[in-house]
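Trainee: Pasting the sequence and the predicted coordinates here, then a few questions.
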Amino acid sequence: MIELVSDSRCIRCDLCVKACPTNVFDAVPDEAPVIARQEDCQTCFMCELYCPTDALFVAPEADETVTVREQALTDSGLLGSYRAAIGWGEGRSPGARNDQSFRLLPLSTKKPAPLEPTGS
Amino acid sequence: MSQAFKAPSVASSSPKVSDDQLSIEADVLVLGGGPAGTWAAWAAAAQGAKVVLADKGYCGTSGATAPSGVGVWYVPPDPELREEARASREAMGGHLADRAWMARVLDKTYENVGKLADWGYPFPTDDDGQPARRSLQGPEYMKLMRKKVRAAGVRILDHSPALELLADADGIAGAAGVSRQSGQRWVVKAQAVVIATGGCAFLSKALGCNVLTGDGNLLAAEVGAELSGMEFSNAYGLAPAFASVTKAAFYRWASFYYEDGTPIEGAGSARGRSVIARTLLTQPVYAILDQAPESMRASLRASQPNFFLPFDRVGIDPLTQRFPVTLRLEGTVRGTGGIRIANEQCGTSVPGLFAAGDAATRELICGGFTGGGSHNAAWAISSGTWAGQGAAAHARKLGESARKRTPVGTGRATLRPSETSGSSVLDADAIVRGVQAEVFPYERNLFRTEAGLSDSLSRLDNLWSEVQARPAQYARTVLRGREAAAMVATARFMYATARYRPETRGMHKRQDFPGLDPAQQRRLVTSGLDEIRVRAEGAEFESKERPTVPTKNRSVSHPLEGAA
């Protein structure tokens, strides 16, 4: 679930308030948004992708809250790691361009390549 | 600075529903902004219709696709490949799919995925230098779809759940809802409505699925529309036990183990999921993706970065280290049941009402089984496009007379209390827990029996009478009340239909009827709310009458107006 809104990184754009599909955040005038309804977080990580300054951290634990420390997340490179993997942000190119699903499974069992996964 | 707030009081966590109302007139209203909804909105706008799209969350991040990534049933128009594609899942689906529908979905998907390429989706290039178009990464795909929908002139209402449909004697005429962020009410009068609100995963936290609470099933049933395939509603997604990421594709390379490290006989992602479920009833199950060939390992990470996200964040390498797994209910998101499609435009049995994507039945191309996202993605693209075009054509046909319509709200549960609901205030969270207790357990929903189904149905019927009461009038509680009602309704459709199919077919498994019964090779159609009716599909069972839109005892006022 969402565990961190970094006050020092946040630029008050409120994009996370808009983009969260389950409406977890509340905007606060002149301040960083607050996590107002953490129990509604579905752990989909979308807010991280829409945050232009990597100020948010979603812990992978979906059913329980965990304690996180911003400094440790920064040091380990986890803050903003998903946005980097997707290739969003200035100076990056979309990771979809490197999607290699075509290597993972054949389109046809009778005809050779190209390839795709059937799961999602 | 870490923030881990305890749940605040409702009053401080959600705005009160206000008297203020946003009123819009349009030709077509699309409910839901995932793949099906955005394709529908784009297609209707392309016909020249004035279109509004209302999403419960944010169009672009909402739904099962956006945070995920999907294979697409994208098959080049090579007769041999197409034939293989159509035949591939017929037996798994219990022979309930329709070959003509499969053919038109393959055609439409091929055409529209080509449009995605034209619009700038960054498809990769395969080893032969050809564009590889059989996989879409969710964040990129849905960001592009939002952009295209806006460019087409569609007005998007984010965080604007629909609470009820509007109707008059000519059929569906719009919807009303509330903004969950401001508490402002909204009413969109439209000549046709497309329901693309997704399936129902019962707030299981399967990836991206908590906006998918079966809302469309309730809206449709309240105006007399039928559902189909509701017994095929027990898909469970494999995920690390601690996480939400129900992406099963890579588990084809997994080995499954007991706590002590002994392999679990017969356990597997595709065919052995029941073995995993049975084991989970009594003890934890562990997995390692240790069968992934060395040569493919780099491709895995590049293809599905979100698969690795939870592992990276807890410091597990899933290719070499074991981790506990669970099965999260994906209900009708990956199951195939939904609103019944009555014609090639994805119209329902109610005039002016169209359905697309997971909200609609996917039996037409999958029958009673869905193994993965590729058919679901193709169905969303195709059915969305047809529903949008059909809705625009319907609006055009109504023409100028449409302006004179004075529709009324059709919502009942939690909106307009019945005589029996008294003055109690709805506790939606308690209702949700009650439904989950009936649909989450594998021993009830996956391994079905007559005794278990009827036992669950009696409690679900009680929940249905409880859910007639009104919640406190805050945006969040009003929405959660409707979601709770939609989930109770969906669970009752599921189990009532499952009782009506005493055999095992597709994903519907009856412990007391473990075999396939050739006499039951027909679809089941479900309708009604207080009384649920199930019938077999086929000319001899079809109703001669056109379903009527209920208008009895309907207030013309907005349901949120004034407390009871």
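Mentor: Alright, I've got the coordinates.
Trainee: Contact partners for residue 66?
Mentor: No chain was given, so I picked chain A. Contact analysis of A:Val66 by C-beta atoms under 8 Å, 6 or more residues apart in numbering or on different chains lists A:Glu3, A:Ala59. For the C-beta atoms, the positions are set from N, CA and C on the backbone; glycine is no exception.
Trainee: look at chain B instead
Mentor: B:Ala66 neighbours (C-beta under 8 Å, 6+ apart): A:Pro21, A:Cys44, A:Met46, B:Gly34, B:Gly60, B:Gly138, B:Pro139, B:Tyr141, B:Met142, B:Gly208.
Trainee: make it 6 Å
Mentor: Neighbouring residues of B:Ala66 by C-beta atoms under 6 Å, 6 or more residues apart in numbering or on different chains: B:Gly138, B:Met142.
Trainee: So the closest residue to chain A within the stretch 51-200 of chain B, which state does it fall into?
Mentor: Residue of the stretch 51-200 of chain B nearest chain A, by C-beta to the nearest C-beta: B:Gly57 (3.2 Å). Following DSSP: H, G, I helix; E, B strand; the rest coil, we place B:Gly57 in the coil state.
Trainee: correct me, but it touches B:Asn210?
Mentor: No - contact criterion C-beta atoms under 6 Å: B:Gly57 and B:Asn210 do not qualify, at 9.3 Å.
Trainee: Looking at those two, which is more packed in?
Mentor: Each of B:Gly57 and B:Asn210 has its neighbours counted (other C-beta atoms under 10 Å in any protein chain shown); B:Gly57 has more, 29 against 24.
Trainee: Pop out the phi and psi values for that one.
Mentor: phi -110, psi -130 (degrees, to the nearest 10).
Trainee: which residues sit in contact with it?
Mentor: A:Pro21, B:Val211.
Trainee: for chain A, what are the nearby residues on the stretch 151-300 of chain B?
Mentor: B:His159, B:Arg180, B:Lys205, B:Gly208, B:Asn210, B:Val211, B:Phe242, B:Ala243, B:Ser244, B:Ala248, B:Ala249, B:Ser299 (C-beta under 6 Å from any C-beta of the partner chain).
Trainee: Pull the most distant pair out of those.
Mentor: Longest distance between any two of those is 40.0 Å, between B:Arg180 and B:Ser299; criterion C-beta to C-beta.
Trainee: more neighbours, these two?
Mentor: For B:Arg180 versus B:Ser299, the count of surrounding residues by other C-beta under 10 Å is larger for B:Arg180: 24 against 19.
Trainee: Domains in chain B, by residue range?
Mentor: B:14-234+B:331-409, B:235-330, B:419-541 (automatic domain parsing).
Trainee: Pick the most buried one from those domains.
Mentor: domain B:14-234+B:331-409 (a mean of 24; mean count of other C-beta atoms under 10 Å in any protein chain shown).
Trainee: Tell me where the stretch 401-550 of chain B has helices.
Mentor: Counting by DSSP state H, counting those that start in this stretch, the stretch 401-550 of chain B has helices at residues B:428-439, B:442-445, B:450-466, B:475-499.
Trainee: Taking helix B:428-439 as reference, get the angle to the longest one.
Mentor: With axes from the mean of the first three to the mean of the last three C-alpha atoms, to 10 degrees as the basis, helix B:475-499 and helix B:428-439 are set at 20 degrees to each other.
Trainee: mind checking how far B:Thr414 is from B:Leu329?
Mentor: 23 Å (C-beta to C-beta, to the nearest Å).
Trainee: Strands of chain A, start to end?
Mentor: A:2-5, A:25-28, A:31-35, A:56-58 (DSSP state E).
Trainee: Does at least one residue of stretch B:14-31 sit close to chain A?
Mentor: No - judged by C-beta under 6 Å from any C-beta, stretch B:14-31 stays clear of chain A, getting no closer than 7.9 Å.
Trainee: That stretch - what's its average pLDDT?
Mentor: Averaging pLDDT along stretch B:14-31 yields 96.
Trainee: Stretch B:172-186 now?
Mentor: Mean predicted lDDT for stretch B:172-186 stands at 98.
Trainee: where are the low-confidence patches of chain B?
Mentor: B:1-12, B:371-372, B:401-403, B:419-422, B:539-564 (pLDDT under 70).
Trainee: looking at it, which residue lies furthest from center?
Mentor: Note on chain B: the largest C-alpha distance from the chain mean falls to B:Asp260, namely 38.1 Å (C-alpha atoms, centre = their mean).
Trainee: Is that one part of a helix or strand, or is it coil?
Mentor: coil.
Trainee: Could I get the contacting residues of the residue nearest the centre of chain B?
Mentor: Nearest to the mean C-alpha position of chain B, counting by C-alpha atoms, centre = their mean, stands B:Gly199 at 1.3 Å. With contact taken as C-beta under 6 Å, 6+ apart, B:Gly199 is in contact with B:Leu212, B:Gly331, B:Thr332, B:Val333, B:Asp358.
Trainee: and the helices of the stretch 401-550 of chain B as a markdown table, adding distance to B:Val113?
Mentor: Below are those laid out as a markdown table (distance: least, C-beta to C-beta, whole Å):
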| stretch | distance to B:Val113 |
| --- | --- |
| helix B:428-439 | 34 |
| helix B:442-445 | 34 |
| helix B:450-466 | 40 |
| helix B:475-499 | 30 |
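Trainee: Ok, which of those helices comes nearest chain A?
Mentor: helix B:475-499 (7.4 Å).
Trainee: Give me the angle between the closest one and helix B:450-466.
Mentor: Going by the same axes, to 10 degrees, helix B:475-499 makes 150 degrees with helix B:450-466.
Trainee: So helix B:475-499, near chain A or not?
Mentor: No - applying C-beta under 6 Å from any C-beta, one finds helix B:475-499 separated from chain A by no less than 7.4 Å.
Trainee: What is that helix packed up against?
Mentor: helix B:215-222, helix B:428-439, helix B:450-466, strand B:524-527 (3 or more C-beta pairs under 6 Å, 6 or more residues apart in numbering or on different chains; DSSP states H and E).
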